[in-house]
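*Asks:* Below are the sequence and a predicted model for it; my questions follow.
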Amino acid sequence: MSEKIKTWLKSCGEEMKSAKAKLAGAIEKGFERARLSRVEIATNLDLSMVPNYVAYKAALIREKTMLQHVCVGLAAILVVMFVASRFEVSHLETRLRLKEYILAPGVSDFIPVAPQSVPDAYVQHAVSDFVATLGNTNPTNIEERFKQLSAVMSPALQVQFNAEAVEWVAKARAENISEMLTVLEKRVEADADGKYRAVIRTRTDSFVGSESIGYRNEVVEMGLRLVPPDVGRRWFLEITSLSRGSAEAFETSKGLGGGLNGK
């Protein structure tokens, strides 16, 4: 009994070994077949197009990068142009508002104006202000008023006026002379070049202290021209010529052909 069992167990063991050997062989054969098939597939790849593909991808990336740089550059240019245009518009608006008030005769008394045109009233008011500054003086304010008038003169006339006014200022202070000017007649004419010539007939009353020493009839002739606006300047007119003399002398010069063509 024991011999039969031993024989049966031995035969079973051999059969199991045989089955394991067959199974291991099949697995190994499968791995080998798979390895051979992969090698066969790998060896059949066409790698001749790889350089072209790599070059294409590199060119595509470079083109995209360059396009991005161009877009950023254009955006920066547009921003700069926008900022510059807004600054220019703001500057023009400021200049436009300045143009609207270029002929303001006072701080709160503005008058309407049109581009490239000057109302006659503006020139008339400016002439009256200049003449009043010239003729209404006393020992206390004469120097200050002459400085105000000199500030609106052309450079050449300013030098001449200041040199000639020194003697009269000293005399007015020394003798306590005051003057009061009254405008009797005023005429302002414009020429083709946009310049103005004003002729003002006045009566000037003179005083020594509080005592009147009489009056005299005078004529003030004044040449004017428009000047660019300047901050703090009340009148945008400049005096280019100025003369002051007796009415008799003016009539004489007018009879000889002078008049508005005088100094």
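*Replies:* That came through fine.
*Asks:* secondary structure element for residue 206?
*Replies:* According to DSSP states H and E, residue 206 maps onto strand 195-208.
*Asks:* For the helix or strand following that strand, buried residues please.
*Replies:* Following strand 195-208 in sequence order, the next helix or strand is strand 211-226 (DSSP H and E). Going by neighbour count (16 or more other Cβ atoms under 10 Å), the buried part of strand 211-226 is 218, 219, 220, 221, 222, 223, 224, 226. Using the backbone N, CA and C atoms, a C-beta is placed for each residue, glycine as well.
*Asks:* can you pull the contacts of the second one?
*Replies:* The one in question is residue 219. Applying Cβ atoms under 8 Å, 6 or more residues apart in numbering, we find residue 219 in contact with 199, 200, 201, 202, 244, 245, 246, 247, 249, 250.
*Asks:* Most widely separated two among those?
*Replies:* Maximum pairwise distance in these, criterion Cβ to Cβ, is 14.7 Å, between 200 and 249.
*Asks:* quick one on the thing from earlier: mind picking the one among the buried residues of strand 211-226 that's closest to residue 69?
*Replies:* Nearest to residue 69 out of the buried residues of strand 211-226 is residue 226 (Cβ to Cβ; 53.1 Å).
*Asks:* can you map out the strands along this structure?
*Replies:* Using DSSP state E, the strands of the chain run over residues 177-190, 195-208, 211-226, 237-246.
*Asks:* quick check, nearest of the buried residues of strand 211-226 to residue 165?
*Replies:* Within the buried residues of strand 211-226, proximity to residue 165 (Cβ to Cβ) peaks at residue 220, which comes in at 14.7 Å.
*Asks:* what sits opposite the closest one in the beta ladder?
*Replies:* Here residue 220 sits in beta bridges with residue 200, residue 244, as judged by DSSP bridges.
*Asks:* residues contacting it?
*Replies:* Applying Cβ under 8 Å, 6+ apart, the residues near residue 220 are 131, 134, 135, 198, 199, 200, 202, 242, 243, 244.
*Asks:* Is it possible to mark the buried ones in those?
*Replies:* Burial by neighbour count, 16+ other Cβ under 10 Å: within the contacts of residue 220 this picks out 131, 134, 135, 198, 199, 200, 202, 242, 244.
*Asks:* out of those residues, which one sits closest to residue 213?
*Replies:* Nearest to residue 213 among the buried ones among the contacts of residue 220: residue 135, at 15.5 Å, using Cβ to Cβ.
*Asks:* Check which helices and strands the strand holding residue 206 sits against.
*Replies:* helix 120-135, strand 177-190, strand 211-226 (3 or more Cβ pairs under 8 Å, 6 or more residues apart in numbering; DSSP states H and E).
*Asks:* Can you name every helix or strand that the longest helix along the chain contacts?
*Replies:* Taking DSSP state H as the criterion, the chain has its longest helix at helix 50-100. Taking 3+ Cβ pairs under 8 Å, 6+ apart as contact, there are no helices or strands that helix 50-100 lies on.
*Asks:* Now do that helix, average pLDDT.
*Replies:* Averaging pLDDT along helix 50-100 gives 81.
*Asks:* And the chain, what are its domain boundaries?
*Replies:* Per automatic domain parsing, the structural domains of the chain span 49-100, 120-261.
*Asks:* so what's residue 209 closest to, chain neighbours aside?
*Replies:* Take residue 209 and drop its neighbours on the chain: the residue closest to it by Cβ to Cβ, 6 or more residues apart in numbering is residue 176, 5.1 Å away.
*Asks:* which stretches of this structure have low pLDDT?
*Replies:* Applying pLDDT under 70 to the chain picks out residues 1-48, 94-117, 192, 194, 229, 231-232, 254-263.
*Asks:* Having no further points to raise, I will conclude here.
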